[in-house]
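**Q** Sequence plus predicted model, see below.
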Amino acid sequence: MKTVRVKDKDFSLYMSEATIVERVKEVASKIDADYRDSKPLFLVVLNGSFVFAADLLRNIDFPCEISFIKMSSYQGTSSTGKVKQLLGLNESIEGRTVIIVEDIIDTGYTMQELVNLLNEKNPEQVVITALFVKPNNIKVPLNIDYKCFEIENDFIVGYGLDYDGYGRNLSDIYKVVE
Ligand code: IMP
Ligand code: MG
């Protein structure tokens with residue numbers, strides 16, 4: 001079994017790039033059929049989604065805009081603790097269909113915050129696309145419109161996903177060896 005070391009942990013091969021890309025193409029063709037006429041704005045959530053987005057969006061066959069955002073979290077001054085905000089959303093999304101492109105939904109808190117922040121800007125609709133979802137870990141109700149794979153609660157790296165900043169450049173997906 002192929003293994004790699006990323007920083008201080010060992011990871012074993014979990015899913016090949018070919019398997020991922022085949023499924024990403026399937027999902028892209030569904031999005032292509034469903035949103036062909038809505039002139040959507042694809043919003044790619046950095047950093048982890050850059051490889052997924054590159055494969056997904058090259059299989060979208062209608063004119064569309066693509067933009068990139070980042071969520072920044074920091075300790076707020078109020079008792080609510082963590083505050084998140086959007087970095088890099090320069091387009092107006094009012095009245096538009098926004099399709100979020102996200103690498104992985106774990107607890108779902110990040111996605112929930114993102115959807116709330118976008119909804120404040122009065123889009124027509126917000127659509128969620130995720131490469132991976134960990135259904136056994138989701139803590140909040142989320143309507144995930146397109147998911148490529150449901151996985152167990154294992155920690156994975158590669159294909160854009162990182163462990164402490166490393167491993168994003170691995171072509172395949174690896175899971176941590178406990
Ligand atoms: P959530 O808010 O718990 O859904 O976490 C989402 C974020 O946690 C993702 O955008 C990733 O950055 C990170 N994350 C969650 N699970 C993994 C994993 O297995 N590998 C790498 N990053 C992960
Ligand atoms: Mg992420």
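**A** Perfect, I can see it now. All values reported here derive from a predicted model rather than from experimental measurement. Ligands and ions are numbered 1, 2, ... in the order given.

**Q** interface residues of this structure facing ligand 2?
**A** G48, D103 (CB under 5 Å from the ion). Where C-beta positions appear, they are placed from N, C-alpha and C, glycine not excepted.

**Q** which residues make contact with the longest helix anywhere in the chain from outside it?
**A** If you go by DSSP state H, the chain has its longest helix at helix 17-35. If you take CB atoms under 8 Å, 6 or more residues apart in numbering as the criterion, helix 17-35 is touched by 52, 55-57, 59-62, 97, 99, 127, 129, 131, 146, 148-149, 159, 171-173.

**Q** same deal with stretch 56-67?
**A** With CB under 8 Å, 6+ apart as the criterion, stretch 56-67 contacts 24-25, 27-29, 31-32, 35-36, 39-44, 53, 88-91, 101, 129.

**Q** what separates the most centrally placed residue in the chain from G95, distance-wise?
**A** In the chain, the centroid-proximal residue (CA atoms, centre = their mean) is E102; its distance is 1.1 Å. Relative to G95, E102 is positioned 23 Å away (CB to CB, to the nearest Å).

**Q** and if you look at G165?
**A** For G165 relative to G95 (CB to CB), the value is 38 Å.

**Q** Next: C148.
**A** 29 Å.

**Q** Those two: which has the busier surroundings?
**A** A count of neighbours by other CB atoms under 10 Å puts C148 above the other of C148 and G95, at 20 against 10.

**Q** Surely the more buried one is in contact with L131?
**A** Yes: counting by CB atoms under 8 Å, L131 is a contact partner of C148 at 4.9 Å.
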